[in-house]
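[1] Fold the following for me, if possible:
(one chain, ligands or ions: 1)
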Amino acid sequence: MINQLVANIRKTKAPIVVGLDPMLDYVPKHVQDKAFQEFGETLEGAAEAIWQFNKAIVDGTYDLIPAVKPQIAMYEQFGLPGLGAFKKTVDYCKEKGLVVIGDVKRGDIGSTSAAYAIAHLGHVQVGSKSCLPFGEDFATVNPYLGSDGINPFIKVCREEKKGIFVLVKTSNPSSGEIQDQPVDGRPLYELVGEKVAAWGDELMGDEYSYVGAVVGATYPEMGKVLRKIMPKAYILVPGYGAQGGKGKDLAHFFNEDGLGAIVNSSRGIIAAYKQEKYGKYGEEGFAEASRAAVEDMAADIIEALNLR
Ligand SMILES: O=C(O)c1cc(=O)[nH]c(=O)n1[C@@H]1O[C@H](COP(=O)(O)O)[C@@H](O)[C@H]1O
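    Here you go, the predicted model:
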């Protein structure tokens with residue numbers, strides 16, 4: 001899947017990920033009304049609304065982008081119907097040729113991590129049958145439990161040719177409370193970066209490793225250091241747009257080959273129609289607004305890469 005991700009990025013020339021984080025507030029009223037007429041103001045109604053919203057955004061953008069990243073919390077809040085919408089979204093995006101990064105942020109003791117890895121990247125054995133649970137291509141993984149939590153994911157990645165993105169330096173304001181703490185005189189995130197590089201050496205694709213890293217767009221200087229520590233890791237860079245990250249901050253997350261990083265924007269794309277800049281599309285044109293926002297984001301990042 002890392003090879004497919006790289007191929008998709010080369011084809012689209014857009015190192016970006018559309019984050020499918022559908023809060024109900026972002027779903028235009030006409031989409032909500034239709035879902036509620038059919039299913040009522042219920043969890044099923046909410047799940048139908050977010051699914052129809054996602055589908056329209058994917059239809060409006062899939063030819064421009066290599067990958068999507070559905071964040072499972074946004075679906076889980078609607079219980080089992082919400083998880084149904086997550087699964088439908090994963091399947092639909094894969095049908096459209098997109099690489100799907102399940103933003104699930106898992107990681108636990110070994111036996112539990114093994115079950116998480118099967119749930120999101122693998123197949124589960126049921127009697128004589130091997131069944132596909134959620135079936136994403138990549139999952140985000142929390143490294144706090146160390147190798148016990150990561151190795152079961154690596155095992156499933158090896159069997160299934162899937163990948164992971166390990167949290168190294170997250171984009172949020174308080175990430176330094178833990179991640180920047182000095183260990184032997186160096187910030188913890190650098191040591192985690194070294195672990196990612198070592199885990200990744202065990203599982204290489206053609207050019208990049210199946211083991212990638214998450215580093216927030218909001219910490220460009222740290223991104224520069226981490227790029228060097230993990231030369232073969234693809235870096236998933238969230239924090240563009242709504243959290244303040246801009247193209248000009250991101251050049252150092254990439255390698256000289258112009259590859260090595262993929263930048264996520266969720267609210268900035270899926271709720272673009274609410275921004276003044278894309279106001280002309282109106283609520284009815286929400287998917288076209290998302291398409292325009294994808295084009296602008298790709299141009300912003302490519303310009304930053306060309307300027308360096
Ligand atoms: O793993 C992630 O994707 C992630 C890591 C991180 O450090 N910061 C971060 O914002 N994210 C996710 O990236 C998305 C960012 O959303 P926007 O701020 O709306 O673009 C959300 O789904 C977050 O959960």
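
[2] from the stretch 1-150 of the chain, which residue is nearest to the ligand?
    Distance from the ligand to each residue of the stretch 1-150 of the chain (Cβ to the nearest ligand atom) is smallest for Gln71, at 3.6 Å. For every residue, glycine as well, the C-beta is placed using N, CA and C.

[3] which residues touch that residue?
    Shown in contact with Gln71 (Cβ atoms under 8 Å, 6 or more residues apart in numbering): Gly19, Leu20, Asp21, Asp103, Ser266.

[4] Repeat that for Gly40.
    Gly40 neighbours (Cβ under 8 Å, 6+ apart): none.

[5] what does the stretch 201-308 of the chain have sitting close to the ligand?
    Val214, Gly216, Pro238, Gly239, Gly241, Ala242, Gln243, Asn264, Ser265, Ser266, Arg267, Gly268 (Cβ under 6 Å from any ligand atom).

[6] change it to 8 Å
    214-216, 236, 238-243, 264-270 (Cβ under 8 Å from any ligand atom).

[7] Report the spatially closest residue to Gly268, excluding sequence-adjacent ones.
    Counting by Cβ to Cβ, 6 or more residues apart in numbering, Gly268 lies nearest to Gly241, which is 2.7 Å off, once chain neighbours are set aside.

[8] you'd agree that neighbour is up against Ala271?
    No: in this structure Gly241 lies outside contact range of Ala271 using Cβ atoms under 8 Å: 9.9 Å.

[9] Now do the strands in the stretch 151-300 of the chain.
    Assigned by DSSP state E, counting those that start in this stretch, the strands in the stretch 151-300 of the chain fall at 163-169, 182-183, 186-187, 211-215, 235-237, 261-265.

[10] Determine which stretch of those strands is the most buried.
    Most buried of those, by mean neighbour count (mean count of other Cβ atoms under 10 Å): strand 211-215, with a mean of 29.

[11] from the chain's centre, how far out does that one sit?
    10 Å (Cα atoms, centre = their mean, to the nearest Å).

[12] on contacts alone, who are the packing partners of it?
    Packing partners of strand 211-215 (3 or more Cβ pairs under 8 Å, 6 or more residues apart in numbering; DSSP states H and E): strand 163-169, helix 188-201, helix 220-229, strand 235-237.

[13] got these as JSON lines, with mean pLDDT columns?
    Listed next are those as JSON lines, based on pLDDT from 0 to 100:
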{"stretch": "strand 163-169", "mean pLDDT": "98"}
{"stretch": "helix 188-201", "mean pLDDT": "98"}
{"stretch": "helix 220-229", "mean pLDDT": "97"}
{"stretch": "strand 235-237", "mean pLDDT": "98"}
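
[14] a markdown table for those, including distance to Ser290?
    Formatted as a markdown table, those follow (distance: least, Cβ to Cβ, whole Å):
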| stretch | distance to Ser290 |
| --- | --- |
| strand 163-169 | 23 |
| helix 188-201 | 31 |
| helix 220-229 | 26 |
| strand 235-237 | 19 |
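
[15] and of those, who's closest to Gly60?
    Of all those, strand 235-237 sits nearest to Gly60, with 22.6 Å by Cβ to Cβ.

[16] mind listing what the nearest residue to Tyr219 once chain neighbours are set aside touches?
    Setting aside the residues directly before and after it, Tyr219 is nearest to Lys169 in space (Cβ to Cβ, 6+ apart), at 5.6 Å. With contact set as Cβ under 8 Å, 6+ apart, Lys169 has these partners: Ser175, Gln179, Tyr189, Val192, Gly193, Val214, Val215, Gly216, Tyr219, Met222, Gly223, Leu226.

[17] Spatially central residue for this structure, please.
    The chain has Lys69 as the residue nearest its centroid, 3.4 Å off, counting by Cα atoms, centre = their mean.

[18] who touches the residue nearest to Gly268 in this structure?
    Per Cβ under 8 Å, 6+ apart, neighbours of Gly241: Ser265, Ser266, Arg267, Gly268, Ile269, Met297.

[19] how about a cut-off of 10 Å?
    The contact partners of Gly241, taken as Cβ atoms under 10 Å, 6 or more residues apart in numbering, are 19, 217, 263-269, 271-272, 275, 293, 296-297, 300.
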